[in-house]
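A.B. asks: what shape does this take:
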Amino acid sequence: MEKVIPFIIYFFIYSFIGFVAEEIYCSIIEKKLVIRGFLFGPILPIYGFAMLAVNFATEPVKDNLIMTFFVSMGLCSLIEYFTSWVLEKLFGIKWWDYTNDTKFNLNGRICLQNSLLFGIAGCLIVKQIHPNVVKLVGMLGRYENIVAFILTALFLIDTIASVWVVVRVKRDVRLRLKSGDQTNEIKRLARNMILKLVTGKNAAERKIKKAQKVVKKKQKEIKKKIKQLKK
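C.D. replies: Sure, this is the predicted structure:
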């Protein structure tokens, strides 16, 4: 188990790096702030899985830059395609779609442009970033277990909450599978739903407090009348 702990932390580090990179890239393309991903937290698990897979798969060829590039490109593209397919089958919603925005795409799930970027990113990860990540995690020492536990717990809570919200949004709004990226629409609807739940709860609490004040006032009036009658 001790050998697995560092890889759990690697997964979350790469998920966070992927989130930041995609946020910057997509926000520049869209010319506005774009919130990506299935989860609410600042991670994209697909990047965590992909980068761990790349590091394992390229181990025999990591000294060959060309082979590292093509292995990274092929493996990340496969993971992206599979993830898109699974999410679409589970929720009936497209989380990304390259059909109308990018040439040389396959069923809108993967595209040549991103696959090439995955190849370049894989080379950077294997050659430059991963050795430093290993050193960074190694510095945690005996705290590795605690960090891994906290990150995993937060991840599970976020996953459960995100699934619940997406299912609720899809049920209430009746989203239908259509061409085009529906991520931003889902996020917008999710934020609105959470806001309604929060404000609705606050409104209910205010009504309860108001009712309690009225009851207390009535009780005082009744006690006052009883005293007057006794006199």
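A.B. asks: so which residues of the chain form helices?
C.D. replies: 5-30, 45-57, 65-91, 112-124, 130-138, 144-173, 183-230 (DSSP state H).
A.B. asks: possible to save these as CSV with mean neighbour count, distance to residue 99 and mean pLDDT?
C.D. replies: No exception for glycine: its C-beta is placed from N, CA and C like everyone else's. As requested, these are exported to CSV (neighbours: other CB atoms under 10 Å; distance: least, CB to CB, whole Å; pLDDT from 0 to 100):
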stretch, mean neighbour count, distance to residue 99, mean pLDDT
helix 5-30, 17, 16, 89
helix 45-57, 21, 19, 92
helix 65-91, 17, 12, 91
helix 112-124, 18, 13, 92
helix 130-138, 13, 33, 93
helix 144-173, 14, 21, 84
helix 183-230, 11, 15, 65
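A.B. asks: adding distance to residue 103, write those out as JSON lines.
C.D. replies: Conversion of these to JSON lines gives the following (distance: least, CB to CB, whole Å):
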{"stretch": "helix 5-30", "distance to residue 103": "15"}
{"stretch": "helix 45-57", "distance to residue 103": "23"}
{"stretch": "helix 65-91", "distance to residue 103": "15"}
{"stretch": "helix 112-124", "distance to residue 103": "7"}
{"stretch": "helix 130-138", "distance to residue 103": "32"}
{"stretch": "helix 144-173", "distance to residue 103": "30"}
{"stretch": "helix 183-230", "distance to residue 103": "21"}
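A.B. asks: looking at those, spot the one closest to residue 97.
C.D. replies: helix 65-91 (8.5 Å; CB to CB).
A.B. asks: just to revisit the earlier point, and the helices of the chain: which comes nearest residue 104?
C.D. replies: helix 112-124 (3.8 Å).
A.B. asks: name the nearest residue to residue 102, ignoring sequence neighbours.
C.D. replies: Spatial nearest neighbour of residue 102, excluding adjacent residues (CB to CB, 6 or more residues apart in numbering): residue 111 at 4.2 Å.
A.B. asks: surely that neighbour meets residue 97?
C.D. replies: No. Shown here, residue 111 and residue 97 do not form a contact pair, counting by CB atoms under 8 Å, at 10.0 Å.
A.B. asks: which residues sit in contact with the most centrally placed residue in the chain?
C.D. replies: Nearest to the geometric centre of the chain sits residue 39, at 2.4 Å (CA atoms, centre = their mean). Going by CB atoms under 8 Å, 6 or more residues apart in numbering, residue 39 touches 45, 155, 158, 159, 162.
A.B. asks: in JSON lines: those residues, plus distance to residue 27.
C.D. replies: Below are these laid out as JSON lines (distance: CB to CB, whole Å):
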{"residue": "45", "distance to residue 27": "20"}
{"residue": "155", "distance to residue 27": "24"}
{"residue": "158", "distance to residue 27": "22"}
{"residue": "159", "distance to residue 27": "24"}
{"residue": "162", "distance to residue 27": "21"}
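A.B. asks: ok, those residues vs residue 25, which is closest?
C.D. replies: Nearest to residue 25 among the contacts of residue 39, with distances taken as CB to CB, is residue 45, at 17.6 Å.
A.B. asks: so how far is residue 113 from that closest one?
C.D. replies: Going from residue 45 to residue 113 by CB to CB, to the nearest Å gives 22 Å.
A.B. asks: which ones are touching residue 81?
C.D. replies: Residue 81 sits next to 106, 107, 109, 110 when contact means CB under 8 Å, 6+ apart.
A.B. asks: for residue 47, which non-adjacent residue is closest in space?
C.D. replies: That would be residue 18: by CB to CB, 6+ apart, it lies 2.4 Å from residue 47.
A.B. asks: didn't that neighbour look like it was pressed against residue 54?
C.D. replies: No. Assessed by CB under 8 Å, residue 18 is found out of contact with residue 54, at 11.8 Å.
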